[in-house]
Structure formats: structure tokens, C-alpha cells
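**Q** Provide a 3D model corresponding to the input given below.
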Amino acid sequence: RCSCRLRTLVLRNMLRQDVAFFDTVRVGELLNRLSTDTEVIQMVVTANLAGWFIPLCQVVIGLIAIFTYNWKLTLVVLSLIPVIAVCMFLQGFCMKILTEQELIALADAGSKADETLSN
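**A** Numbering: from 1, shown residues only. Below you'll find the predicted structure:
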């Protein structure tokens, strides 16, 4: 439902653009962005809602279990959290760059396909 509403809003905003906007942006790129970007947003939203609760519970239960087993081992594990956080940040940054490049290439390919098929 959210994805359909998002596509409707994006399409409505696209149709409100000036005619000059469509001279600079190809129709295939707009169509490709409309379909792929809304799918990406839908995947991120649904993955974030379900994907954070279970791992958070696992971490909390794991820390409680390791603390009851050996508190010194808990301190060692907790001292590694900044290193893990930096690695996760770097991975997320690289994924963001690669995803942006993928979407640009996909939009360009869709635009070329639309131009080829329309001629």
C-alpha cells in the first residue's frame, strides 16, 4: 500500500513539472527511477522494521548470558564494539556509493532502451 501511494505521489510530482524538465531528463530514466527507487524504499522500510528487533534481542540476551558467565569476557567483547561499529560504517558507506552508481547505470540503460524501442 505504501509503495503504491509513493509511486502515485512521485508520478503526480513528475506530471507537475514544466515541459523544459522533460527536455533535460529522458522519459526512460524517469520510468526506471519511478519503478526501481520506490522498490528500494519499500525494501528498506520493511527490512528495517523487521530487521532490527530480532538482532537487538539477540544482542541483549547474549550480553546478559556472557555477563552471567564471565564479566571479564563481557568487558573484552564490549571493548570490540567501536571497532565493529567503524567497520559497519565503512561497509555502509561503500554500499551507498555502489547503490547510487547502480541506480544511475540502471536509469541510463532504461532511458536508452526506451529511446531504442520508441524509434
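**Q** hey, let's count contacts and neighbours off CA atoms from now on
**A** Noted.
**Q** which strands and helices sit next to whichever helix in the chain runs longest?
**A** Using DSSP state H, we find that the single longest helix of the chain is helix 27-69. Of the remaining helices and strands, those touching helix 27-69 by 3 or more C-alpha pairs under 8 Å, 6 or more residues apart in numbering; DSSP states H and E are helix 2-15, helix 71-79, helix 81-118.
**Q** Could you pull up the residues touching the residue nearest to the spatial centre of the chain?
**A** Centroid check for the chain by C-alpha atoms, centre = their mean gives residue 44 as the closest residue, at 5.0 Å. When the contact criterion is C-alpha atoms under 8 Å, 6 or more residues apart in numbering, residue 44 has no partners at all.
**Q** between the helices and strands packed on helix 27-69, which one is nearest to residue 21?
**A** helix 2-15 (9.2 Å; C-alpha to C-alpha).
**Q** what's downstream of the closest one, the next helix or strand?
**A** Once helix 2-15 ends, the next helix or strand along the chain (criterion: DSSP states H and E) is helix 19-24.
**Q** Let me know the average pLDDT across that following helix.
**A** The pLDDT scores in helix 19-24 average 79.
**Q** begin at 521 from here
**A** Sounds good: first residue 521 from here, last item helix 539-544.
**Q** related to what we said a few turns ago, now the helices and strands packed on helix 547-589 as a markdown table including distance to residue 581?
**A** Formatted as a markdown table, the helices and strands packed on helix 547-589 follow (distance: least, C-alpha to C-alpha, whole Å):
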| stretch | distance to residue 581 |
| --- | --- |
| helix 522-535 | 33 |
| helix 591-599 | 12 |
| helix 601-638 | 16 |
